[in-house]
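1. I would like to see how this sequence folds:
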Amino acid sequence: MNRALCYRRLDTEYARLLLTGQDRVRFLHGMVTCDVKGLSEGSGAYGTLLTVKGKVISDLVVSHRGAAGLFLTVRAQAVAKVCESLERYIIVDDAVITNESAALVQLGVYGAAARAVVLGDAGADLAPYHHVEREGVTILLCEELGPGSLHVVGSAAAVAAIERQLVEAGATLLSPEESEILRIEAGRPRFGVDFDEERLPQEAGLDDALSFTKGCFLGQEVVVRLRDRGQLNRKLVGLRLSGGGVPPVHSKLSHPSRPHAGELTSIAVSPRCGTIALGYVHRTCWEPGTQLEVTDAEGHSLGCTATITELPFPER
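-> The predicted structure follows:
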């Protein structure tokens with residue numbers, strides 16, 4: 001893996017939606033957890049779409065593309081539910097959702113050199129989740145595999161030209177295993193792996209997707225009540241593993257004060273950080289430095305210790 005410059009295809013991992021119509025901004029602002037009304041052309045925001053009970057249907061990125069509409073990037077496995085949920089609330093609003101996934105392809109570019117190679121000087125001041133349009137592609141700065149991640153979206157021909165540019169600059173193609181290492185190092189939860197529709201956004205560590213100044217949104221009452229009353233029982237944390245080998249995903253976590261303290265959701269063996277994981281831990285055990293025992297579903301020790309660690313993971 002070339003950590004300075006690497007890339008991967010995201011065509012099947014993400015879906016690409018376009019929201020048009022005169023009421024698109026007002027409508028979407030009342031649906032998602034990020035501030036849509038505060039966006040201007042070229043800007044964007046990370047957010048979530050929730051159920052009325054505050055559970056996560058999907059996380060997403062909203063990009064303001066001016067007169068072209070609002071562009072939404074969502075996880076492919078959640079796109080049907082996202083479209084269904086949005087369309088259910090389009091009653092008298094002038095808003096139309098179009099799935100552009102088949103017409104557009106998507107490339108992820110990562111590493112310290114990503115901005116310079118793909119954007120040149122134009123990328124120096126680009127803020128997270130903002131984008132630029134150039135040579136037939138939209139280039140979005142995001143946090144997917146850590147700060148400085150770029151998503152390139154456009155026609156197959158236009159994105160292929162960017163891919164050739166990357167290869168000429170010495171970029172390497174990321175394998176799925178390498179992508180997971182970078183994601184877990186950065187502490188970025190993944191829909192369908194670290195959270196799903198059974199999780200509240202605060203449980204899943206999606207605090208950067210929540211705006212508490214924008215006014216009403218779907219599921220807001222639950223999210224605000226949880227913030228104000230501080231009743232979060234479990235949340236996703238970083239864990240550094242040591243001891244006997246690499247435990248399987250969904251291994252359990254135990255503490256002397258709480259035998260059922262949590263569960264591992266993502267695990268990676270990182271050349272920089274060692275064996276690391278993301279997992280849910282009970283509030284009585286989630287302070288950094290707390291040590292937990294890794295067990296199987298029956299509570300038998302797997303010979304492994306998990307230590308709560310601040311995210312993103314520091315190098316060993």
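2. Now do whichever strand in the chain runs longest: everything it contacts.
-> Scanning the chain for the strand with the most residues, using DSSP state E, yields strand 258-270. Applying CB atoms under 8 Å, 6 or more residues apart in numbering, the set of residues contacting strand 258-270 from outside is 180-181, 183-185, 190, 193-194, 234, 236, 239, 241, 246-255, 275-282, 284-285, 292, 294, 299, 306, 313. All C-beta spots, glycine's among them, are computed from the backbone N, C-alpha and C.
3. what do you get for stretch 229-240?
-> By CB under 8 Å, 6+ apart, stretch 229-240 touches 187, 189, 194-195, 200, 202-205, 225-226, 253, 262, 264-265, 273-283, 286, 292, 306-313.
4. Which members of the residues you listed occur in helices, if any?
-> The helices, defined by DSSP state H, take in 225, 226 from the contacts of stretch 229-240.
5. can you map out the strands along the stretch 101-250 of the chain?
-> Using DSSP state E, counting those that start in this stretch, the strands of the stretch 101-250 of the chain run over residues 105-110, 131-134, 137-142, 149-154, 172-173, 234-243.
6. Of all the ones you listed, which one comes closest to residue 32?
-> Residue 32 sits nearest to strand 137-142 of all the strands of the stretch 101-250 of the chain, at 15.9 Å, using CB to CB.
7. Each with direction, which strands does that closest one pair with?
-> Paired neighbours of strand 137-142 in the sheet (DSSP bridges): strand 131-134 (antiparallel), strand 149-154 (antiparallel).
8. For these, which has the smallest mean pLDDT value?
-> Lowest mean pLDDT within these: strand 131-134, a mean of 93.
9. Outline the domain layout of this structure.
-> 10-186, 233-309 (automatic domain parsing).
10. Can you convert these into CSV and add a column each for mean neighbour count and distance to residue 217?
-> Shown next, in CSV, are the domains of the chain (neighbours: other CB atoms under 10 Å; distance: least, CB to CB, whole Å):
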stretch, mean neighbour count, distance to residue 217
domain 10-186, 18, 6
domain 233-309, 17, 21
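11. so which of these gets nearest residue 218?
-> Nearest to residue 218, of these and by CB to CB, is domain 10-186 at 5.3 Å.
12. how far out from the middle of the chain is the closest one?
-> 11 Å (CA atoms, centre = their mean, to the nearest Å).
13. Endpoint to endpoint, it covers what distance?
-> Using CA to CA, to the nearest Å, one end of domain 10-186 lies 18 Å from the other.
14. Provide the angle between the direction of the longest strand of the chain and the direction of strand 234-243.
-> 60 degrees (axes from the mean of the first three to the mean of the last three CA atoms, to 10 degrees).
15. Pairing partners for strand 258-270, with directions?
-> Assessed with DSSP bridges, strand 258-270 is paired to strand 252-255 (antiparallel), strand 274-282 (antiparallel).
16. thinking again about what came up before, JSON lines please, covering the strands paired with strand 137-142 and showing distance to residue 34.
-> Output for these, formatted as JSON lines (distance: least, CB to CB, whole Å):
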{"stretch": "strand 131-134", "distance to residue 34": "15"}
{"stretch": "strand 149-154", "distance to residue 34": "17"}
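17. for this protein, what are the low-confidence residue spans?
-> Scanning the chain for pLDDT under 70 picks out no residues.
18. hey, which helix is longest across it?
-> helix 156-168.
19. distance of residue 176 from residue 143?
-> Distance, residue 176 to residue 143, using CB to CB, to the nearest Å: 19 Å.
20. And for residue 311?
-> 12 Å.
21. got any residues that touch both of these two?
-> In contact with both residue 311 and residue 143: residue 186, using CB under 8 Å, 6+ apart.
22. hmm, back to that, contacts for the longest helix of the chain, please.
-> Under CB under 8 Å, 6+ apart, the answer for helix 156-168 is 5, 7, 105-107, 109, 117-118, 135-137, 152-153.
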